[in-house]
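>>> I would like the atomic coordinates for the input below:
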Amino acid sequence: MAATAKKRIDAGQFQLKDQVVAINRVTKVVKGGKNLSFAALVVVGDPTAGVVGYGSGKAKEVPQAIRKGIESAKKNLIKVNLTQSTVPHAVLGRFGSGHVLLKPAPEGTGVIAGGAVRAVMTSAGVQNVLTKSLGTANPHNVIKATFDALTKLRDRNEVAAMRGKAQQEL
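Below you'll find the model as predicted:
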């Protein structure tokens, strides 16, 4: 089974907005004492284009860690298949022990989601969605599970092509 090459999306053509999900203070104990640094988890996205990405950065100070996280997030952007303002169908994303359920919602519902999932949904431009984060509360695993769910979303044309039917037959 051959791995498909993921086409990289150019970050320069979008109006990306960044959102810091988590900042963690980490220490490394060495012979001379403790080395303090910061790790930042950042989500970037263009809500109008339906493009979103996440990244992690580590540095001695918080602003540099956030900047590194933003640069990392710009390198792994994905395009999200949406129908109007919601997801096309229910989907379950998994990463480690993190499970994220995304369900379509009618107009006017809003984004019903907690911390890390809400950051990803609003950055992707999803306006109406019901979500449930199951398993771990670790923001890294929750975001990766959310991205797994977003990559599993299929639009009507794609499903019709897979089944060998016209879109009107679905």
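>>> from now on I want contacts and neighbour counts done on CA atoms only, so please keep to that.
Fine.
>>> beta partners of residue 101?
Applying DSSP bridges to residue 101 gives these bridge partners: residue 92, residue 132.
>>> how much space separates it from residue 11?
From residue 101 across to residue 11, the span is 28 Å (CA to CA, to the nearest Å).
>>> one more: residue 50?
13 Å.
>>> same question, residue 118
Counting by CA to CA, the gap from residue 118 to residue 11 is 22 Å.
>>> for residue 145, same thing?
22 Å.
>>> settle it for me: which of those two has more neighbours?
residue 145 (24 against 20; other CA atoms under 10 Å).
>>> test my guess that the more buried one contacts residue 101.
No. With contact defined as CA atoms under 8 Å, residue 145 does not reach residue 101; the gap is 9.1 Å.
>>> give me the common contacts of these two.
residue 93 (CA atoms under 8 Å, 6 or more residues apart in numbering).
>>> quick one: contacts of the helix or strand containing residue 71?
Counting by DSSP states H and E, the element that carries residue 71 is helix 62-75. Residues from elsewhere that reach helix 62-75, judged by CA under 8 Å, 6+ apart: 8-9, 11, 18, 20, 23, 38-44, 53-59.
>>> pLDDT-wise, which helix or strand of the chain ranks last?
Least confident helix or strand, the chain: helix 156-163 with a mean of 74, by mean pLDDT, DSSP states H and E.
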